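Student: this one's sequence-less:
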């Protein structure tokens, strides 16, 4: 009777231990932030604007995980070659910036940062030898091919006249009228336009995200 209880207890511990190990191995195998090995497809597709923000976040999580991409990815029968190509190209570019032994990547999120990642390079003794700021633009090989490289806030501070009023009268108002959208009040537009989600442009933003005209 005692032996049966002991065996049952041992079996429970063994099962739980194996489950924990499998979860930890899965986490290590997928890397930090990578949901599934098939996520590599996001570096081989161009989605419409409605999915662009979500897809870019997945790409950024993959980039942050690049130091941990290894043979477990490369040996996958379906996606291995794509992971190998991405990892090899990325490591080569990093070495062009700094001859390293290892590197780590930290993603910087939010409007407080004007770049996407910090990259830390280490030598053979694990000593930090260089840190760089990295900006990620998908589907563009050079700066002049990027759709937007910088977005200065409140441009009127750099000009001799009110840019917001100039853009409203010369571009926004005619555009809204052409697509039969409700033209926002100028005062409300100037007050709200530099916020994250200006209420006066909700209708236009919805059209921009959902309409195939802008995909």
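Tutor: Now that the structure is in, tell me what you want to look at. Keep in mind that this is a model prediction, so the values were computed, not measured.
Student: Which of the three states applies to residue 103?
Tutor: strand (DSSP: H, G, I helix; E, B strand; the rest coil).
Student: for it, what are its contacts?
Tutor: Neighbouring residues of residue 103 by CB atoms under 8 Å, 6 or more residues apart in numbering: 67, 94, 119, 120, 121, 122. In short, each C-beta sits where N, CA and C put it, glycine included.
Student: Doesn't residue 120 lie inside a strand?
Tutor: Yes: assignment of residue 120 by three-state DSSP places it within a strand.
Student: Mind listing the residues bridging to it?
Tutor: residue 104, residue 131 (DSSP bridges).
Student: Quick one: neighbours of it, just the number.
Tutor: As a burial measure, residue 120 scores 18 neighbours (other CB atoms under 10 Å).
Student: In contact with it, which residues?
Tutor: 103, 104, 105, 106, 128, 130, 131.
Student: what ranges do the helices span in this protein?
Tutor: Applying DSSP state H to the chain gives helices spanning 2-30, 49-64, 71-74, 80-97, 163-167, 173-178, 186-192, 202-210.
Student: and the contacts of residue 103, which two are the farthest apart?
Tutor: 94 and 122 (11.7 Å; CB to CB).
Student: who's more crowded, the two?
Tutor: Counted by other CB under 10 Å, residue 94 and residue 122 do not tie: residue 94 has more neighbours, with 19 against 16.
Student: Quick check: closest non-adjacent residue to the more buried one.
Tutor: Among residues not flanking residue 94 along the chain, residue 103 sits closest, at 5.9 Å (CB to CB, 6 or more residues apart in numbering).
Student: again, but for residue 204
Tutor: Leaving aside its sequence neighbours, residue 204 sits nearest to residue 181 (CB to CB, 6+ apart; 5.7 Å).
Student: backbone phi and psi for the one you found, please?
Tutor: The phi and psi values for residue 181, taken as degrees, to the nearest 10, are phi -100, psi 150.
Student: Isn't it up against residue 208?
Tutor: No: counting by CB atoms under 8 Å, residue 181 does not reach residue 208; the two are 10.6 Å apart.
Student: who touches both of residue 94 and residue 122?
Tutor: Counting by CB under 8 Å, 6+ apart, the residues touching both residue 94 and residue 122 are 100, 103.
Student: Can you flag the weakest of the helices of the chain by average pLDDT?
Tutor: When the helices of the chain are ranked by mean pLDDT, helix 2-30 comes last with a mean of 46.
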